[in-house]
Each structure stands twice: as C-alpha cells, then as structure tokens.
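Show me the folded form of this:
(one chain, ligands or ions: 2)
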Amino acid sequence: METKILNTDDAALAEAGQILRDGGLVAFPTETVYGLGADAYNADAVRSIYTAKGRPSDNPLIVHIADIAGLSGLTREISEGARALINAFMPGPFTIILKKSRTVPDAVTAGMDTVAIRFPENETAQRLIKSAGVPIAAPSANLSGKPSPTTAEHVKNDMTGRIAAIIDGGACEVGVESTIVDASRSVPMLLRPGGITFEMIQSVVPESELDPNILRSLGEDEKPLCPGMKYKHYAPDAEVTVIEGDMRAVKREIEKRLGDNKNRRCGVLTMSDNAYDSAVIIHCGDTNREYAKNLFASLREFDRLGVETVFAEFENRDGYGLAIRNRLYKAAAQRVVRV
Ligand code: AMP
Ligand code: MG
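Ligands and ions are numbered 1, 2, ... in the order given. Just a heads-up that it's a prediction; the model follows:
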C-alpha cells in the first residue's frame with residue numbers, strides 16, 4: 001500500500017476525511033501522541049487498525065470526538081461526577097470511560113460494555129474529525145510494543161506501507177498518552193496517568209481513586225525493584241535502567257555503571273546538567289513536563305544511534321512524575337534503582 005504524507009491545509013484534511021469515510025486508516029497528530037484513526041462506526045476499518053499495528057484485538061480503542069455534543073451518540077449514561085470531569089478537562093489530554101451506546105461496534109471496545117472517549121485539544125485533530133464527519137477510533141500510531149510516536153517521522157518509520165495516509169502536524173506537546181479515567185463506575189478511577197494529573201482529577205471529584213495496579217507496578221514499597229518481571233511495553237531495543245533519586249546520587253551511580261559497562265555502547269538520558277564521559281547523552285528536559293514531552297522521541301533516538309544500554313536519570317518532581325514513571329518503568333522492563 002502506498003502511504004500518502006499529507007500536510008494540515010484544508011484540502012489535505014478534506015482528502016484525509018474522505019479516506020476515513022471510505023474505510024481507510026489515517027495517522028494524525030494530537031497533543032498527546034500521534035493516533036492511528038479509523039471511522040469508529042465502521043467495524044471492518046476498526047479491525048484493520050489491529051492488523052496495521054500488529055496489536056492484539058482484545059485491547060480497546062479510544063473514540064475521538066470534535067465537540068462535547070459528540071458524546072451523546074456514543075454513551076447512554078453520564079453521571080454527575082463524569083459531567084464535572086468532562087467540563088473540566090475536555091478538550092484536552094484526557095480520556096473518559098462511560099457506558100457505551102448500542103451503536104458503538106464491539107471491534108472498538110473489545111466487546112466491553114464501556115467506551116473510552118477523548119476530545120483532543122489539538123486543532124488539526126479537531127479539524128480532521130470534523131472533516132471525516134464521524135467519530136474516529138484510534139490507538140497510538142506505533143507498531144505494537146514500540147514507544148508511542150510523537151512526530152510524523154516516528155509514524156513513517158513504523159507505518160509506511162501499512163496505512164493510507166499520515167498527516168504531518170509537527171511534534172506533540174504533551175508527549176505521553178492521555179490520562180484515562182473510568183467514570184462508568186460510581187466512583188471515578190484513574191486507570192492511566194497522563195498530562196491531566198491525579199491531583200487535578202481529585203480537585204474536581206475529591207473521592208476519585210487511583211487504580212492500585214499503577215502504584216503496584218511502580219513498586220512503591222520495594223527497593224530496588226526486581227528486574228524484568230513485568231511484560232515489556234513502550235520499549236526501545238536498547239536495555240533501559242532507571243536510576244532514580246537526588247541528582248548528585250544519581251550521577252555517582254550512573255558513573256559507576258558506565259565504568260562497569262565499558263565494552264558496551266552506553267547512553268544516558270538526563271534531566272540535570274550532569275555530564276558523563278564515554279556515553280551518548282540525550283537531555284530529556286529540566287522539568288517533569290519536558291521529560292514527558294521528550295521521553296518517547298529520546299528512546300527512539302537511542303535506538304537509531306545504536307545504543308545498547310541506556311541509564312535514565314529520573315527525579316519525581318511533581319504530579320506529572322506519575323505519568324513518566326508509568327512509561328519509563330515499562331520501557332525499562334521494571335529495571336529501576338532508587339538511590
Ligand atoms: P492507546 O494505548 O493510547 O493506544 O489507547 C488505547 C487504550 O485505552 C487501551 O490500551 C486501554 O488501556 C484504554 N481503553 C480504551 N477503552 C477502554 C475501556 N472501555 N475500558 C478501559 N480501558 C480502555
Ligand atoms: Mg498505544
């Protein structure tokens with residue numbers, strides 16, 4: 001299949017909208033990561049997303065809308081708490097899970113009775129959804145198991161020849177996937193941390209809960225974590241080890257490890273002005289927010305540079321830290337050292 005690269009002008013988005021209405025797949029920018037979209041009401045088109053990504057089809061997709069009114073056709077029930085979250089965080093890097101209406105195909109929800117809905121803030125994403133005239137079901141536009149794409153270049157690397165078109169809208173602002181909150185239950189629960197922090201969710205619905213699996217996978221009560229226990233996900237080819245803590249202690253630990261790994265091509269992902277000899281350095285950002293924005297691109301860049309072992313500096317500085325640790329620890333297959 002030939003994959004067209006489209007820009008963001010009106011003619012290009014009209015063409016992309018037509019491709020979607022015809023059952024084709026279009027990758028598009030959002031403020032979080034690039035999405036791989038299909039007409040949410042076309043079950044065959046939705047199924048082809050799984051083939052293009054090489055992703056198991058028991059993993060539900062997020063349905064993207066371009067205005068609040070778009071919610072009503074997709075869901076049959078919106079609680080008071082859900083309504084407050086919608087008013088506070090839509091449009092934005094936020095996905096809400098609600099009871100689905102009968103019209104949403106099982107291919108979108110993996111047969112579940114709930115549907116995940118997002119109203120992206122990104123202007124190109126909004127214009128594309130309006131141009132298609134239908135809600136767009138989309139996961140991230142990477143091959144299954146690879147880090148999510150935050151530039152059109154990343155999507156080209158993974159998806160060329162597999163989908164009809166890629167819209168190049170530049171780099172994504174947030175850089176990690178949306179915050180997901182399940183508001184189909186009586187008390188909202190945060191299932192995936194992202195650009196909307198748990199503190200922000202709680203400021204709107206104070207009784208909101210955090211999925212205990214998120215903290216469990218962060219090993220809050222063990223140190224250091226057992227290596228390699230969890231499945232690999234969002235993972236680069238390089239072996240990643242997270243060195244977490246105060247930046248001076250982090251520097252000492254990484255220097256020691258670089259000394260122990262002289263025979264391998266090493267890289268360091270930094271969030272400080274620490275300098276390291278004999279390693280490929282990528283500065284990921286000085287704040288948690290910048291770190292989230294640059295994380296996936298940095299992991300892909302280490303692979304491109306042929307780095308075999310990456311030591312990632314990390315310090316948990318604010319509410320954004322939860323989203324980073326959730327992704328970073330998976331990239332590291334839970335190899336985390338706290339110093
Ligand atoms: P992504 O991982 O960014 O490709 O987006 C899809 C993710 O949204 C899935 O992996 C699920 O974690 C989540 N998701 C979508 N729909 C539902 C749902 N109905 N219930 C729970 N999680 C969902
Ligand atoms: Mg994904």
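
check contacts around the residue nearest to the spatial centre of the chain.
Nearest to the geometric centre of the chain sits residue 177, at 2.4 Å (C-alpha atoms, centre = their mean). Going by C-beta atoms under 8 Å, 6 or more residues apart in numbering, residue 177 touches 32-33, 140, 148, 192, 194. Where you see a C-beta, it was placed from the backbone N, CA and C, and this is true even at glycine.

could you pick out which of those are near ligand 1?
Applying C-beta under 6 Å from any ligand atom to those, one finds that residue 140 fall near ligand 1.

Could you dump the contacts of residue 177 into CSV and include neighbour count, pLDDT and distance to residue 238?
CSV is the format used below for these (neighbours: other C-beta atoms under 10 Å; pLDDT from 0 to 100; distance: C-beta to C-beta, whole Å):
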residue, neighbour count, pLDDT, distance to residue 238
32, 30, 98, 24
33, 26, 98, 20
140, 28, 96, 20
148, 26, 95, 17
192, 19, 96, 24
194, 26, 97, 24
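
Now whatever residue of the stretch 51-200 of the chain ends up closest to ligand 2. Its backbone dihedrals?
Residue nearest to ligand 2 within the stretch 51-200 of the chain (C-beta to the ion): residue 140, separated by 3.4 Å. Main-chain torsions, residue 140, degrees, to the nearest 10: phi -70, psi 150.

With adjacent residues omitted, what lies nearest to it?
In space, and not counting its chain neighbours, residue 140 is closest to residue 148: 4.0 Å by C-beta to C-beta, 6 or more residues apart in numbering.

circling back to that earlier point, so is the residue nearest to the centre of the chain in a helix, a strand, or just coil?
Assigned by DSSP: H, G, I helix; E, B strand; the rest coil, the conformation of residue 177 is coil.

now residue 96: how far from residue 298?
30 Å (C-beta to C-beta, to the nearest Å).

re earlier: which of the contacts of residue 177 sits closest to residue 322?
Residue 322 lies nearest to residue 194 out of the contacts of residue 177, by C-beta to C-beta, at 9.0 Å.

In a helix, the closest one, correct?
No: counting by three-state DSSP, one finds residue 194 to be coil, located in no helix.

so who does it touch?
For residue 194, the contacting residues are 32, 93-94, 174, 176-180, 323, by C-beta under 8 Å, 6+ apart.

same for ligand 2: which of the residues you listed are within range?
By C-beta under 5 Å from the ion, no member of the contacts of residue 194 lies near ligand 2.

Which residues of this structure lie near ligand 2?
139-140.

Recalculate using a threshold of 8 Å.
By the rule C-beta under 8 Å from the ion, the part of the chain lying against ligand 2 is 33, 55, 139-140, 142, 148, 177, 234.

Find the nearest non-adjacent residue to residue 211, please.
Nearest residue to residue 211, sequence neighbours excluded (C-beta to C-beta, 6+ apart): residue 191, at 5.0 Å.

can I assume that neighbour is in contact with residue 210?
No: look at residue 191 against residue 210 with C-beta atoms under 8 Å: they stay out of range, at 9.1 Å.

Please enumerate the helices of the stretch 101-250 of the chain.
Per DSSP state H, counting those that start in this stretch, the stretch 101-250 of the chain carries helices over the ranges 106-109, 123-132, 152-159, 198-204, 212-217, 247-260.

Next, the buried residues of the longest one.
So the one you mean is helix 247-260. Across helix 247-260, burial judged by 16 or more other C-beta atoms under 10 Å covers 247, 250-251, 253-255, 257-258.

Give me the sheet partners of the following helix or strand past that helix and which way each runs.
Moving toward the C-terminus from helix 247-260, the next helix or strand (DSSP states H and E) is strand 266-270. If you go by DSSP bridges, strand 266-270 pairs up with strand 280-283 (parallel), strand 309-314 (parallel).

So which residues of the stretch 51-200 of the chain form strands?
With DSSP state E, counting those that start in this stretch as the criterion, the stretch 51-200 of the chain has strands at 62-64, 75-77, 94-100, 114-118, 136-138, 165-167, 179-182, 189-192.

Longest helix in the chain, please.
Longest helix of the chain, by residue count under DSSP state H: helix 288-304.

Quick check: buried residues in it?
288-289, 291-303.

Tell me the one among the residues you listed nearest to ligand 1.
The nearest member of the buried residues of helix 288-304 to ligand 1, counting by C-beta to the nearest ligand atom, is residue 296 at 11.7 Å.

just checking, that closest one touches residue 150?
Yes: the criterion here is C-beta under 8 Å, and residue 296 meets it with residue 150 at 5.2 Å.
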